[in-house]
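*Asks:* Here's a sequence, model it:
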Amino acid sequence: MSNQIEVTEDLERPIYDEDGNGTGEIDFYSITSWVDGDPTENGQSYRVKIQSGKGLGYIYKKHVISIAPPEFNTSNRVVKVGGITQSGVNGFYANIGDDIEIGMSIVDGNGDIIVAIDQSNLQAEKLKIPLIKYADGHKSTILDKVYFDVTIIAGVATITGTFAASGDWKVTCEHTNDSLKAVSAGFTVKSNPITFLV
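*Replies:* Reported below is the predicted structural model:
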């Protein structure tokens, strides 16, 4: 859990006379709640006084508590290329057009499959994750992306797709978790990257 201070638009501003001097009065916007000083509760707003050349004003800030989604491990990974189970650990070979299938279980800290994680709980009918093509295997230079389909049933994920071009392609946690966040999955995964040389 991390605390963040989020600066918002000015919700209150001073009133000036025609010569540009502050009158000491405040023009209120729609204020629901605020306190002076530091906020102590999630969503609570507070004000900070500012002094400018045109008088006294206020800046409102909001206290936001952001909670990181739980991160789960993966296990029981099986990679198939062209319907044939591969014996590699993290690196595999494939040809253009081969059907690729990656299966894995999403597990808790005890290694038990989390059956509550299911496609039906996601906010999107389809989930896709990108496989990234890097220049000579260097993560700093992305050449292309291809999106594979993902289904998750009772804690077991199946990733399927094909490559239309040769190269060094990788499945990474970073990009997988970006896709999970995009559909508000409510969890992230931790796994070693998978490389395909096509």
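
*Asks:* per-domain residue ranges of the protein.
*Replies:* According to automatic domain parsing, the chain comprises the domains 2-66, 71-197.

*Asks:* Just say helix, strand or coil for the nearest residue to Val156 once chain neighbours are set aside.
*Replies:* Closest residue in space to Val156, ignoring its immediate chain neighbours: Ser105 at 5.4 Å, by CB to CB, 6 or more residues apart in numbering. Using the backbone N, CA and C atoms, a C-beta is placed for each residue, glycine as well. Reduced to three states with DSSP: H, G, I helix; E, B strand; the rest coil, the structure at Ser105 is strand.

*Asks:* wait, doesn't Ser105 sit right on Asn76?
*Replies:* Yes. Using CB atoms under 8 Å, Ser105 makes contact with Asn76 at a distance of 4.4 Å.

*Asks:* When the two are compared, which one has more neighbours?
*Replies:* Ser105 (21 against 12; other CB atoms under 10 Å).

*Asks:* Please report how far that one lies from Tyr93.
*Replies:* Separation of Ser105 from Tyr93 (CB to CB, to the nearest Å): 24 Å.

*Asks:* re earlier: ok, of the domains of the chain, where does mean pLDDT dip lowest?
*Replies:* Looking at those, the lowest mean pLDDT belongs to domain 2-66 (a mean of 51).

*Asks:* So which elements touch the longest strand along the chain?
*Replies:* As assigned by DSSP state E, the longest strand anywhere in the chain is strand 138-153. Using 3 or more CB pairs under 8 Å, 6 or more residues apart in numbering; DSSP states H and E, the elements in contact with strand 138-153 are strand 100-107, strand 127-135, strand 156-161.

*Asks:* In CSV: those, plus distance to Leu143.
*Replies:* Shown next, in CSV, are these (distance: least, CB to CB, whole Å):
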stretch, distance to Leu143
strand 100-107, 18
strand 127-135, 5
strand 156-161, 17
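
*Asks:* can I get the CA coordinates of the strand or helix carrying Asp178 in PDB?
*Replies:* Per DSSP states H and E: Asp178 is located in helix 173-182. C-alpha atoms of helix 173-182 as PDB (Å, rounded to 0.1, in the frame of the first residue of the first chain):
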ATOM      1  CA  CYS A 173       5.400 -10.200 -17.100                       C
ATOM      2  CA  GLU A 174       5.500  -6.400 -17.700                       C
ATOM      3  CA  HIS A 175       3.400  -6.500 -20.900                       C
ATOM      4  CA  THR A 176       1.200  -9.300 -19.600                       C
ATOM      5  CA  ASN A 177       0.300  -7.400 -16.500                       C
ATOM      6  CA  ASP A 178      -0.400  -4.200 -18.500                       C
ATOM      7  CA  SER A 179      -3.100  -6.300 -20.300                       C
ATOM      8  CA  LEU A 180      -4.500  -7.600 -17.000                       C
ATOM      9  CA  LYS A 181      -4.700  -4.000 -15.700                       C
ATOM     10  CA  ALA A 182      -6.400  -2.800 -18.800                       C
END
